[in-house]
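K.L.:
Next input, structure requested:
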Amino acid sequence: MTGRCYKWGLLGLLCCSYFFHQADRALFGLLTIPIQGDLNLTDTQIGLVNTALFCTLAIMNPVAGLMGDRFSRKWIITFSLLFWSLMTACTGLVGGMAGLVFFRSVATGGGESFYGPSASALIASHHRETRSIAFSVHQSALYLGLMFSGAIVAWALRSLGSWRSVFFAFGGLGFLLGLVFVWALKDGEKKGGRKATEQLSKPTISQSFKAFFGNPAALCVAGGFLAIVFANNAYMSWAPKFAARKFALGVGEAGAGAMLYHHLAALAAILASGVLTDRMIRANPRFRLGVQIAALLVGAPVLALIGLAPGVTACWAAVASYGLVRGFFEANTHASLFDVVAPQHRSSAYGLMTMIAFFVGSLSPLVMGILSDRYGIRGFEIGFGLLGVCYAVGAIALSASFFFLFRRYRVTE
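P.N.:
Numbering: from 1, shown residues only. As a prediction, this is how the structure comes out:
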């Protein structure tokens, strides 16, 4: 593939990888109940496993981002996929809390963290006029992975018989895809005698840090992203169990509902938002930020409604509404950051933004687990209300950039 065809072929390859990335991320939450039963773990211990995962992501993402601006993005992405898939398979062998923390949180999380910064920067380098659409399509792979993960896990549990076999199967399939990437993925293609990727001098580490931490507009984008991650980490970790316990559902039914309705709505919203944003941004460069602010403001009460839903139908309706607002926000997450960060710093900025979001966001699964152990179902209801408050705070951060900072820090290409 060359020229215009390659940028869409590249996107297709990365979407395949991101599907496994997010389906793998969902596994632990979907299989929480059988894992707890087999290994005799409390909700607080399960929360700690998830918190350790997100802390690992936070620590490793800046490293991954700095590497993505300095080394081959093809090989970073490929080795990331191969490694996290192997560690996912090894998770099926664990015998207790220590094994879960090492293989699930540290090893798998460490491998996954190297994907995002390089993949996002590579997409941005090939898609300028179609940037929101490209990121929307890429993000849709995330939703597809999460949306079908519940149904896939329910089927796999019936077919394979144990949660351990599910980890073996997911890890093996991801590893096979990684082998395909060895020969199919490329860093860039020549177009008109030039590389499609940016031909820029490699920045120093201090320059990359300054491009992010010295940029108030980028920090505001990070604040909005933090709100999304904080809520999403808790939702992914506990929504299946919350629904199963509150509405007396089976593991497969609760997992399928929590993932399917939410991510189906998010998929529709993100594709619509990508097309709409790329059209409107030409006339109004701040349109991306406006969409994200509106999504957070609408999403705040919706999150509270998930916890307070009186019945399963009302819960799934709130879950779908949460997916809609999340989709409209996430179509613009990376594009909003790249609007105010120069191309040579984008992988690093992505990694640093993710570090902040996942360090703080790592607390939400633990807090939710503690609330559950202390108050039962009522603890989950309180937790979803707190997630709504986080959305409101994120909207305030983005509003600061919208009204005061964006015009000054905007990058034109």
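K.L.:
Pull out the buried positions in stretch 282-295.
P.N.:
Using 16 or more other C-beta atoms under 10 Å as the test for burial, stretch 282-295 gives 286-293, 295. For every residue, glycine as well, the C-beta is placed using N, CA and C.
K.L.:
same thing with stretch 173-182?
P.N.:
173-175, 177-178, 181.
K.L.:
biggest helix in the protein, by residue count?
P.N.:
The residue-count maximum for a helix in the chain (DSSP state H) belongs to helix 216-247.
K.L.:
Run the chain-centre distance for that helix.
P.N.:
When distances are taken as C-alpha atoms, centre = their mean, to the nearest Å, helix 216-247 is centred 10 Å away from the chain's centroid.
K.L.:
any idea how far residue 117 is from residue 346?
P.N.:
8 Å (C-beta to C-beta, to the nearest Å).
K.L.:
Show me which of the two is the more surrounded one.
P.N.:
Shown here are residue 346 and residue 117; by other C-beta atoms under 10 Å, residue 117 has more neighbours (31 against 27).
K.L.:
Quick one: the helices in the stretch 151-300 of the chain, in order.
P.N.:
163-184, 205-213, 216-247, 251-280, 287-308 (DSSP state H, counting those that start in this stretch).
K.L.:
In a markdown table, list these along with mean pLDDT.
P.N.:
Output for the helices of the stretch 151-300 of the chain, formatted as a markdown table (pLDDT from 0 to 100):
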| stretch | mean pLDDT |
| --- | --- |
| helix 163-184 | 89 |
| helix 205-213 | 91 |
| helix 216-247 | 93 |
| helix 251-280 | 84 |
| helix 287-308 | 95 |
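K.L.:
Please identify the most buried of those.
P.N.:
The highest mean neighbour count among the helices of the stretch 151-300 of the chain, using mean count of other C-beta atoms under 10 Å, belongs to helix 216-247: a mean of 24.
K.L.:
and the angle for that one with helix 287-308?
P.N.:
Interaxial angle, helix 216-247 versus helix 287-308 (axes from the mean of the first three to the mean of the last three C-alpha atoms, to 10 degrees): 20 degrees.
K.L.:
Between helix 251-280 and helix 216-247, find me the angle.
P.N.:
Per the same axes, to 10 degrees, the angle that helix 216-247 makes with helix 251-280 is 150 degrees.
K.L.:
angle of helix 216-247 against helix 205-213?
P.N.:
Relative orientation of helix 216-247 and helix 205-213, computed by the same axes, to 10 degrees: 70 degrees.
K.L.:
Residue 347 contacts residue 63, doesn't it?
P.N.:
No. The criterion here is C-beta atoms under 8 Å, and residue 347 misses it with residue 63 at 11.1 Å.
K.L.:
These two: which is more packed in?
P.N.:
residue 347 (30 against 15).
K.L.:
so where do the strands sit in the chain?
P.N.:
All strands of the chain, identified by DSSP state E, fall at 190-191, 194-195.
K.L.:
tell me which of the buried residues of stretch 173-182 is nearest to residue 108?
P.N.:
Nearest to residue 108 among these: residue 174, at 10.4 Å, using C-beta to C-beta.
K.L.:
contacting residues around that closest one?
P.N.:
20, 24, 81, 84-85, 88 (C-beta atoms under 8 Å, 6 or more residues apart in numbering).
K.L.:
right, and residue 126 touches residue 10 too?
P.N.:
Yes. Shown here, residue 126 and residue 10 form a contact pair, counting by C-beta under 8 Å, at 6.1 Å.
K.L.:
mind putting the helices of the stretch 151-300 of the chain in CSV, distance to residue 392 included?
P.N.:
Below are the helices of the stretch 151-300 of the chain laid out as CSV (distance: least, C-beta to C-beta, whole Å):
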stretch, distance to residue 392
helix 163-184, 36
helix 205-213, 25
helix 216-247, 8
helix 251-280, 20
helix 287-308, 5
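K.L.:
and of those, who's closest to residue 327?
P.N.:
Among those, helix 251-280 sits nearest to residue 327 (C-beta to C-beta), with 2.8 Å.
K.L.:
Distance from the closest one to the middle of the chain?
P.N.:
For helix 251-280 - counting by C-alpha atoms, centre = their mean - the centre lies 13 Å from the chain centre.
K.L.:
before we move on, back to that, wait, which of the helices of the stretch 151-300 of the chain is closest to residue 361?
P.N.:
Per C-beta to C-beta, nearest to residue 361 of the helices of the stretch 151-300 of the chain: helix 216-247, 4.0 Å.
K.L.:
what is the rounded mean pLDDT of stretch 60-79?
P.N.:
Here stretch 60-79 scores 88 as its mean pLDDT.
K.L.:
Quick check: buried residues in that stretch?
P.N.:
60-62, 64-70, 73-74, 76-79.
K.L.:
got the CA positions of it in CSV?
P.N.:
Included here for stretch 60-79 are C-alpha records, laid out as CSV according to Å, rounded to 0.1, in the frame of the first residue of the first chain:
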residue,chain,number,x,y,z
MET,A,60,5.0,3.3,31.8
ASN,A,61,3.1,5.6,29.5
PRO,A,62,5.5,8.5,29.8
VAL,A,63,8.4,6.1,29.0
ALA,A,64,6.4,4.7,26.0
GLY,A,65,5.6,8.3,24.8
LEU,A,66,9.3,9.4,24.9
MET,A,67,10.3,6.3,23.1
GLY,A,68,7.6,6.8,20.5
ASP,A,69,9.1,10.2,19.5
ARG,A,70,12.6,8.7,19.2
PHE,A,71,12.4,5.1,17.9
SER,A,72,10.5,3.0,15.3
ARG,A,73,6.8,3.2,16.1
LYS,A,74,6.2,0.0,14.1
TRP,A,75,8.4,-2.1,16.4
ILE,A,76,7.2,-0.5,19.6
ILE,A,77,3.6,-1.3,18.6
THR,A,78,4.5,-4.8,17.5
PHE,A,79,6.5,-5.8,20.5
